[in-house]
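Undergrad: Predicted model and sequence below, questions to follow.
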Amino acid sequence: MDILVAPGREGARVDDIGPLAARLRRASGRDIHVVPAEHVTLLNVTLPLRSNRQRIAALPFAVEDRLAAPLEDLHVALCGHGPDGGIVAAALARDVMADAARDQPDLAILPEQLALPVPPPIGDGPPAWLVFRHGARVVVRLADGTGFAARATALPELWLRAGRPVVKSLGEALPDGIDWTQGKDVPPSQADLSVDMRQGAFRPPSGWVRPLRAVAAALPVVALLHLALAWADLQVLRGLALDARVETEAALAEKVPSATVFDDPGMLWSRLSARDDDGPGDGGPVPLLDRASGTLMSAELAVTVDRLVWSTAPDTLALSITAPTLDVLQQTEEALRLAGLAVTAGTATAGEAGAQSELTIRDGDGG
């Protein structure tokens, strides 16, 4: 039997729900928000859908024709499974749900009917009832998982209209005109206690929201820390560069007193060569190599120096040279002699790689 729900709080006279609300909180072991049964209609519907998300989305349309209010004025929530395999849906006025979610945003919201366990089915008759009476008010849970609240004086008429279902009673005695027996006080099921009508638009924020907000708040601080570390690294690198500059300038000062680290490298090489070029035989390899390389570059000869060997006894420089042809080798030897170098040529060979020879040079007359 469906007790149609109307939008808002109109027509919902609610007496004390303390006993059943306390029963729900005690069984769940946590604080919860209990919506009076007068504000909630429980319906048993069939939804051939697998996921809860799909069922929650389809519920309003599955129960639309059984409700006495427009869907836009109602909130419909999934409340688990009925014993017959159907889906138990809760429908209540949207403003009632909004008030509950706003007043206690951190609490699960349950309908009062779930404080009573679903009575077992009996025979082929109408779904059995489990009734809890407290003063002038009764709350009824049916064997199909649904339930409602009513005035105690109206219960006999509702019982007759439902087809005289089997009735078990908890709490105070039921009014005359109903066949009933005392029921066994069984706590609510764990499935019912896990229900939370905060679904759809009233779904609480994900557990990731708070950590993500904390991360977002921490990002500027992390960025500042990275900037501070980068600045500190930059200062260290500047210090290292300054130290290297001082060491380099000191080394240059020993060789070329007027030189700086900003001078052109080619000019520094020439000045070092000129400093060491004190005359034939005592200048070391640098002056001799400078004269030889300068000569070859000036002559624009296509030769490759494959190997250099310096010998101090006497001061000679052996060059292994490859040229395109034997003529180029001969031109190279002649250019070195014209530059004032003494040149001794080894045996020249010609092959696929070109013409190759070893030239031994030293300071002296090139003639």
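TA: Perfect, thanks for sending it. Numbers count the residues shown, from 1 in each chain.

Undergrad: can you give me the helices for this structure?
TA: 18-28, 52-63, 94-103, 155-161, 190-193, 209-255, 265-276, 285-299, 326-338 (DSSP state H).

Undergrad: Format these as JSON lines; extra columns: mean pLDDT and mean neighbour count.
TA: For the C-beta atoms, the positions are set from N, CA and C on the backbone; glycine is no exception. Formatted as JSON lines, the helices of the chain follow (pLDDT from 0 to 100; neighbours: other CB atoms under 10 Å):
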{"stretch": "helix 18-28", "mean pLDDT": "93", "mean neighbour count": "17"}
{"stretch": "helix 52-63", "mean pLDDT": "81", "mean neighbour count": "16"}
{"stretch": "helix 94-103", "mean pLDDT": "93", "mean neighbour count": "16"}
{"stretch": "helix 155-161", "mean pLDDT": "97", "mean neighbour count": "15"}
{"stretch": "helix 190-193", "mean pLDDT": "94", "mean neighbour count": "17"}
{"stretch": "helix 209-255", "mean pLDDT": "71", "mean neighbour count": "11"}
{"stretch": "helix 265-276", "mean pLDDT": "60", "mean neighbour count": "13"}
{"stretch": "helix 285-299", "mean pLDDT": "82", "mean neighbour count": "17"}
{"stretch": "helix 326-338", "mean pLDDT": "89", "mean neighbour count": "17"}
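
Undergrad: any idea how far Ile56 is from Met200?
TA: Not quite, residue 200 is Gly, not Met. To Ile56, Gly200 is 6 Å away according to CB to CB, to the nearest Å.

Undergrad: Next: Leu160.
TA: Separation of Leu160 from Ile56 (CB to CB): 36 Å.

Undergrad: who's in contact with Gly125?
TA: Shown in contact with Gly125 (CB atoms under 8 Å, 6 or more residues apart in numbering): 163-166.

Undergrad: how about a cut-off of 10 Å?
TA: Applying CB atoms under 10 Å, 6 or more residues apart in numbering to Gly125 gives the contacts 143, 162-166.

Undergrad: What of Ala98?
TA: Contacts of Ala98 (CB under 10 Å, 6+ apart): 75, 201-202.

Undergrad: List phi and psi for the nearest residue to Ala143 once chain neighbours are set aside.
TA: Once flanking residues are discounted, Ala143 sits nearest to Pro127: 3.8 Å by CB to CB, 6 or more residues apart in numbering. The phi/psi pair for Pro127 (degrees, to the nearest 10) reads phi -60, psi 130.

Undergrad: Isn't Pro127 up against Thr146?
TA: Yes. Contact criterion CB atoms under 10 Å: Pro127 and Thr146 qualify, at 7.9 Å.

Undergrad: coming back round to it: so what sits against both of Gly200 and Ile56?
TA: In contact with both Gly200 and Ile56: 76-78, using CB under 10 Å, 6+ apart.

Undergrad: End to end on stretch 291-308, go ahead and measure it.
TA: 14 Å (CA to CA, to the nearest Å).

Undergrad: ok, back up a step: go through the contacts of Gly125 and say which is closest to Gln356.
TA: Gln356 lies nearest to Ala143 out of the contacts of Gly125, by CB to CB, at 107.2 Å.

Undergrad: How confident was the prediction at Pro257?
TA: At Pro257 the predicted local confidence, pLDDT, stands at 64.

Undergrad: make that Pro314, sorry
TA: For Pro314, the model assigns a pLDDT of 78.

Undergrad: Specify the beta-bridge partners of the residue nearest to it when sequence neighbours are not counted.
TA: In space, not counting the residues next to it along the chain, Pro314 is nearest to Arg362; the distance is 6.5 Å by CB to CB, 6+ apart. The bridge-partner assignment for Arg362, based on DSSP bridges, gives Ala342.
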